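Colleague: need a 3D model of the following:
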Amino acid sequence: MTPGREGNQHSFIPIMGGPFYKQLYLYDYLKMNAIAFNLVNHNAIAAAAVKMLQRFTLGRGVTFNIKDDECRTLCEAFWIGPRRSA
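Modeller: Alright, predicted model coming up:
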């Protein structure tokens, strides 16, 4: 019996959709996220691995090529916002 769990050990509560509901119990899902959060914030190697994956996925960032001037102005006002003047 796993410590911290009470009740039926064979009950499965799906959290989100996905392939086979990811086969995680809520307790294990929350524990996994807590451990990952702790490692990223307190371990330099884990933080570097997460940043490397993020940089590989996003590259230099998201860019837009909008031909219409009015649409470009609206998009820049929304996307960049007040940071542009700073």
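Colleague: which strand or helix spans A47?
Modeller: Assigned by DSSP states H and E, A47 belongs to helix 44-58.
Colleague: average pLDDT across that helix?
Modeller: Computed over helix 44-58, the mean pLDDT rounds to 85.
Colleague: packing partners of it?
Modeller: Counting by 3 or more CB pairs under 8 Å, 6 or more residues apart in numbering; DSSP states H and E, the packing neighbours recorded for helix 44-58 are helix 26-42. C-betas here are computed from N, CA, C, even on glycine.
Colleague: tell me what angle the helix it packs on forms with helix 44-58.
Modeller: 100 degrees (axes from the mean of the first three to the mean of the last three CA atoms, to 10 degrees).
Colleague: quick one: contacts of the helix holding A47?
Modeller: When contacts are taken as CB atoms under 8 Å, 6 or more residues apart in numbering, the neighbours of helix 44-58 outside the stretch itself are A36, L39, V40, N41.
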